[in-house]
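Peer 1: Build me a model from this:
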Amino acid sequence: MSIAERMILLLLVGVLLLSCGSEDGPSDAPRFSGVEIEEPVTTGFPSVIFVDATAAAGIDFRHATGAFGEKYLPETMGAGVVFFDFDGDHWPDLFFANGMNWPGREEGAGATQRLYHNERDGTFRDVTAAAGLDVTCYAMGAVAGDVDGDGDLDLYLTVAGPNRLFVNEEGTFIDRTAAAGVAGGTWTGNDGVEHPEWSSGAAFFDYDRDGDLDLYVANYVRWSIATDVFTTMDGRTKAYTTPGVYPGIRGRLFENDGNGVFADRSDRVDLPPGADPKALGVVVVDANRDGWPDLFISNDTQPNQLLVNLGGKRFRDEALRLGVAFDETGLARAGMGVAETEIGDGRSALSVGNFSREAISFFARHESGVYIDRAAPVGLSAPTLSRLTFGLVFFDVDLDGLEDLALANGHLEPTIAKVQREVRYAQPPQLFRRGVKDRFTDASESVGDAFRRPIVARGIAVADYDRDGDPDLCLTVNGGSPVLFRNENATGNAWLRLTLPGAVGARVTVLFGGREQVRTVRAGGSYLSQNEMTLTFGLGRAKAVEEVRVLWPDGSESGYRDFKAGAWYLVRKGVPATAISR
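Peer 2: Okay, here's the model as predicted:
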């Protein structure tokens with residue numbers, strides 16, 4: 001793009017931003033939400049406390065970075081967490097991706113991936129070895145989906161090295177990477193050696209709508225031990241470097257043949273000339289509401305990508321045209337995790353976790369189809385400016401019918417406070433309550449002492465692990481122990497939970513009390529992580545659910561009118577829904 005074209009784009013964005021008001025004054029711009037809220041904005045969640053349940057739940061995992069003083073870049077970046085029901089008992093289990101020691105540094109070896117089975121009593125049991133996942137690799141994240149169509153959830157690991165696919169055979173995971181063809185590619189370094197790609201985020205989705213799950217794998221940078229670059233903050237000692245010193249790697253699109261074998265279709269993704277993506281987060285969205293799944297990808301120090309699906313045949317990057325490539329000044333930020341939320345009237349918003357001294361992004365879709373970063377007008381800019389946000393999730397904390405926002409924060413460099421006094425290495429997570437006109441208020445201080453503790457957080461995922469109706473949180477910690485936050489919700493608000501097996505990409509609309517909520521079944525998102533696939537809808541004080549509509553991944557629709565508040569249903573296409581016992 002020429003300088004003139006970029007200036008025209010920035011002028012257009014500026015006009016749109018002016019039309020949408022500012023953080024300090026009123027606005028007569030089009031409303032971004034169709035939900036009217038009568039209650040005033042408050043800074044807290046009445047009757048909601050997050051309790052650190054990690055120890056009580058029996059989770060003793062500790063993330064291994066392999067760090068021994070050389071400060072290799074992958075050591076700072078992991079890792080993800082996945083809530084998924086691997087044994088089909090309708091209780092969400094927990095998987096933690098793990099790093100390892102570097103070659104030649106064998107002391108303390110033995111770090112493996114970790115799988116915990118939900119024991120249905122608030123505790124988890126380590127079943128890693130029995131499930132066949134006691135494998136060692138430098139895993140970054142994971143994504144769960146039924147790749148072979150047999151009804152249970154398989155697991156794909158993204159790795160700083162060859163990726164791994166584990167197919168679920170009645171609760172035992174079998175490595176099918178080679179047979180499936182999804183290990184990823186290689187690149188040639190200045191040393192003339194072939195090095196495996198470093199993969200980051202991933203997502204399962206049916207991009208061609210043929211009924212089976214395809215796979216998109218985001219790649220980060222061309223790094224290896226042999227090509228590691230020395231950088232310093234003080235002119236003497238080595239520091240963790242930025243991705244700017246390494247070339248990026250394009251992501252890979254894998255098409256499923258229906259039997260769990262994949263073909264590399266990466267050549268079907270059209271990127272602008274000179275594109276140098278350094279991707280970390282990926283989430284499946286329908287950006288233009290045409291029924292075909294698109295991909296929003298956050299890039300670290302490079303323009304974000306919005307890969308629009310052209311009828312299941314190709315993808316074209318339209319991030320620049322649609323306003324999500326750069327910040328409002330035309331600069332690329334250090335994008336980490338990604339998430340999407342519905343904001344009413346058929347519109348959505350895309351949020352990105354960014355580096356410290358960069359606020360998070362909140363790209364709200366205008367009725368014109370262009371996205372506008374409204375982080376400042378909705379109250380998300382100033383409170384996040386000093387934080388480095390990796391993972392982020394939208395979820396309805398208090399079940400009032402509006403999705404709130406949680407951030408997993410933590411810096412890369414342990415000594416950052418020496419050069420940036422306002423920035424800390426360990427940082428508390430943040431929780432923002434959504435209120436009037438989609439404005440968010442920082443409620444982090446109101447939800448318990450445990451939530452105020454600084455940690456070096458990375459991944460974050462949501463599930464109702466204790467099945468009491470409200471959503472809980474799990475955050476991973478780089479080089480440390482994860483934190484499982486149990487939601488102690490005493491609001492009395494009603495809820496509805498829906499499980500749609502084998503329907504990744506289904507878009508569900510719930511009508512209640514004259515209001516409307518929309519959720520999408522996803523496999524992947526946040527930062528290297530995945531929420532449980534069961535959807536939770538907060539109903540506030542509504543006594544009944546008026547209607548549930550499902551837009552299935554193949555474009556067909558179903559409607560339901562017999563769902564009750566405070567209940568959980570199994571919904572399959574073409575058959576009556578059934579209640580799941582609590």
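
Peer 1: hang on, isn't residue 291 packed against residue 557?
Peer 2: No - proximity of residue 291 to residue 557 does not meet the contact threshold set by CB atoms under 8 Å, at 10.5 Å. No exception for glycine: its C-beta is placed from N, CA and C like everyone else's.

Peer 1: quick one, which of the two is more surrounded?
Peer 2: Taking residue 291 and residue 557 together and counting by other CB atoms under 10 Å, residue 291 has the greater number of neighbours (15 against 11).

Peer 1: what number of residues lie near the residue nearest to the more buried one when sequence neighbours are not counted?
Peer 2: Spatially, and ignoring its direct neighbours in sequence, residue 291 is nearest to residue 555 (5.2 Å; CB to CB, 6 or more residues apart in numbering). Residues within reach of residue 555, counting by other CB under 10 Å, total 10.

Peer 1: Go ahead and confirm residue 555 touches residue 211.
Peer 2: No - between residue 555 and residue 211 there is no contact under CB under 8 Å: 11.6 Å.

Peer 1: Name the residues contacting each of these two.
Peer 2: Listed contacts common to residue 555 and residue 211 are nil; contacts here mean CB atoms under 8 Å, 6 or more residues apart in numbering.

Peer 1: Now do the helices in the chain.
Peer 2: 3-19, 128-131, 177-180, 319-322 (DSSP state H).

Peer 1: what's the last one packed up against?
Peer 2: So that's helix 319-322. strand 305-310 (3 or more CB pairs under 8 Å, 6 or more residues apart in numbering; DSSP states H and E).

Peer 1: could you say what helices and strands the strand it packs on packs with?
Peer 2: Identification of packing neighbours for strand 305-310 by 3+ CB pairs under 8 Å, 6+ apart yields strand 294-299, strand 314-317, helix 319-322.

Peer 1: so what's residue 425 up against?
Peer 2: Residues near residue 425 by CB under 8 Å, 6+ apart: 410-411, 413-417, 456.

Peer 1: typo on my end, residue 172
Peer 2: 130-132.

Peer 1: Kindly recompute the last result at 10 Å.
Peer 2: Taking CB atoms under 10 Å, 6 or more residues apart in numbering as the criterion, residue 172 is in contact with 86, 130-133, 166.

Peer 1: same check, this time on residue 53
Peer 2: In this structure, residue 53 makes contact with 59, 122-123, 450, 465-466, 472, 474, 483-488, judged by CB under 10 Å, 6+ apart.

Peer 1: With residue 160 instead?
Peer 2: For residue 160, the contacting residues are 66, 72-75, 77-78, 99-100, 137-140, 196-200, 220, 223-224, by CB under 10 Å, 6+ apart.

Peer 1: cool, residue 311 as well?
Peer 2: By CB under 10 Å, 6+ apart, the neighbours of residue 311 are 208-209, 290-292.

Peer 1: I'd like those laid out as a markdown table, including distance to residue 376.
Peer 2: Formatted as a markdown table, these follow (distance: CB to CB, whole Å):
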| residue | distance to residue 376 |
| --- | --- |
| 208 | 39 |
| 209 | 38 |
| 290 | 30 |
| 291 | 33 |
| 292 | 32 |
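
Peer 1: now those residues: which count as buried?
Peer 2: The neighbour count (16 or more other CB atoms under 10 Å) marks 208-209, 292 as buried among the contacts of residue 311.

Peer 1: Among those, which lie within strands?
Peer 2: Nothing among these maps onto strands, per DSSP state E.

Peer 1: In TSV, list those along with pLDDT.
Peer 2: Below are those laid out as TSV (pLDDT from 0 to 100):
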residue	pLDDT
208	97
209	97
292	97
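
Peer 1: and the gap between the residue nearest to residue 291 and residue 277?
Peer 2: 30 Å (CB to CB, to the nearest Å).

Peer 1: which residues does the residue nearest to residue 291 contact?
Peer 2: With CB under 10 Å, 6+ apart as the criterion, the residues that contact residue 555 are 209, 290-292.

Peer 1: Include distance to residue 502 when you put these into JSON lines, please.
Peer 2: Rendered in JSON lines, the data for those read as follows (distance: CB to CB, whole Å):
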{"residue": "209", "distance to residue 502": "14"}
{"residue": "290", "distance to residue 502": "23"}
{"residue": "291", "distance to residue 502": "18"}
{"residue": "292", "distance to residue 502": "19"}
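
Peer 1: was I right about residue 129 contacting residue 115?
Peer 2: Yes - in this structure, residue 129 is within contact of residue 115 by CB atoms under 10 Å, at 9.2 Å.

Peer 1: Looking at the two, which one has more neighbours?
Peer 2: In this view residue 129 and residue 115 are compared by other CB under 10 Å, and residue 115 has more residues nearby, 27 against 10.

Peer 1: tell me the contacts of the more buried one?
Peer 2: The contact partners of residue 115, taken as CB under 10 Å, 6+ apart, are 61, 82, 84, 86, 93-96, 124-134, 155, 166, 173.

Peer 1: repeat that with 7 Å
Peer 2: Remark: with contacts taken as CB atoms under 7 Å, 6 or more residues apart in numbering, residue 115 is in contact with 93, 95, 127-128, 131, 133.

Peer 1: and these as JSON lines, adding pLDDT?
Peer 2: Formatted as JSON lines, the entries for the contacts of residue 115 read as follows, by pLDDT from 0 to 100:
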{"residue": "93", "pLDDT": "98"}
{"residue": "95", "pLDDT": "98"}
{"residue": "127", "pLDDT": "98"}
{"residue": "128", "pLDDT": "98"}
{"residue": "131", "pLDDT": "98"}
{"residue": "133", "pLDDT": "98"}
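
Peer 1: Who are the contact partners of residue 191?
Peer 2: With contact taken as CB under 7 Å, 6+ apart, residue 191 is in contact with 226-227.

Peer 1: Show me what the spatially most central residue of the chain is bridged to.
Peer 2: Most central in the chain under CA atoms, centre = their mean is residue 526, positioned 1.3 Å from the mean C-alpha point. Each beta-bridge partner of residue 526 is listed here: residue 338, as defined by DSSP bridges.

Peer 1: count of neighbours near residue 188?
Peer 2: Once other CB under 10 Å is used to define contacts, residue 188 is seen to have 10 neighbours.

Peer 1: can you check residue 491 too?
Peer 2: Counted by other CB under 10 Å, the residues lying close to residue 491 total 17.

Peer 1: Let me know the distance separating it from residue 503.
Peer 2: When residue 491 is compared with residue 503 (using CB to CB), they lie 30 Å apart.

Peer 1: residues in contact with residue 451?
Peer 2: Taking CB under 7 Å, 6+ apart as the contact definition, residue 451 lies against 50, 428-429, 431, 444, 485.
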